[in-house]
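Q: Model the structure of this input:
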Amino acid sequence: MIRQCSDNDFEMIEAIIDDAAQAYKGVIPEDCWKEPYMPAEELRCEIHDGVLFWGYEENSKLVAVMGIQHVQDVTLIRHAYVRTARQNQGIGGKLLMQLRAQTSRPILIGTWASAVWAIRFYEKHGFRLVSRGEKDRLLKKYWLVPQRQIDTSAVLADQRWFDTC
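A: From the prediction side, this is the model:
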């Protein structure tokens, strides 16, 4: 079942992110890695800034989360994580399809450039990488991330975005 997460899900969202983000350890630049990957205060700030989490639930327990955030004239897919034990079973794709149906705006997704599995996942679902120069511009316009993260990230966009630029 896919459902919108509530305040009661905060600790579970935090646990799913911490579990799934272990895949980044040793892959993203060492100076960008931290444990926990997303501390509680950072997660609270993301939610406060408009990231609305949706979850995939099985047997009354969340096993995956994905956020959606409307920023200016686009929609961002944020913080997509599936518990390690449940990855590669189609759950992320189902969540992504649900969130895509919630907007008519162009959709952008940022991820680490070295997270090739994430890039392949989004490409499999119809997103395409934007150029390096466009990536930098988009990250500065729509995200609040440090320059180091901009330098080491990739941005993917859906066809609506490519049709409007």
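Q: Every contact and neighbour count from this point should use C-alpha atoms.
A: OK.
Q: what's the longest strand in this structure?
A: Assignment by DSSP state E gives strand 61-71 as the longest strand of the chain.
Q: and the closest residue to residue 145 other than its chain neighbours, what pLDDT?
A: Nearest non-adjacent residue to residue 145, counting by C-alpha to C-alpha, 6 or more residues apart in numbering: residue 139, 7.5 Å away. For residue 139, the pLDDT comes out at 98.
Q: where does residue 139 land in three-state SS?
A: helix (DSSP: H, G, I helix; E, B strand; the rest coil).
Q: List the residues that contact residue 1.
A: With contacts defined as C-alpha atoms under 8 Å, 6 or more residues apart in numbering, the neighbours of residue 1 are 56-58.
Q: Sheet-wise, list the partners of the longest strand of the chain with their directions.
A: Pairing partners of strand 61-71, with direction, according to DSSP bridges: strand 52-58 (antiparallel), strand 74-82 (antiparallel).
Q: wait, doesn't residue 57 sit right on residue 2?
A: Yes - here residue 57 reaches residue 2: they are 6.1 Å apart, a contact under C-alpha atoms under 8 Å.
Q: Give me the mean pLDDT for the longest strand of the chain.
A: Throughout strand 61-71, pLDDT has a mean value of 98.
Q: Sort out which residues of that strand are buried, please.
A: For strand 61-71, burial by neighbour count (16 or more other C-alpha atoms under 10 Å) applies to 62-70.
Q: do the same with stretch 90-109
A: Quick answer for stretch 90-109 (16+ other C-alpha under 10 Å): 91-92, 95-96, 99-100, 105-109.
Q: which residues in this structure form helices?
A: Secondary structure of the chain (DSSP state H): helices located at 10-20, 40-48, 91-100, 116-124, 132-142, 147-151, 159-164.
Q: May I see these arranged in TSV, with distance to residue 27 as well?
A: TSV is the format used below for these (distance: least, C-alpha to C-alpha, whole Å):
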stretch	distance to residue 27
helix 10-20	13
helix 40-48	21
helix 91-100	20
helix 116-124	10
helix 132-142	20
helix 147-151	14
helix 159-164	29
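Q: among the ones you listed, which is nearest residue 81?
A: Comparing the helices of the chain against residue 81 with C-alpha to C-alpha, the closest turns out to be helix 10-20 (5.7 Å).
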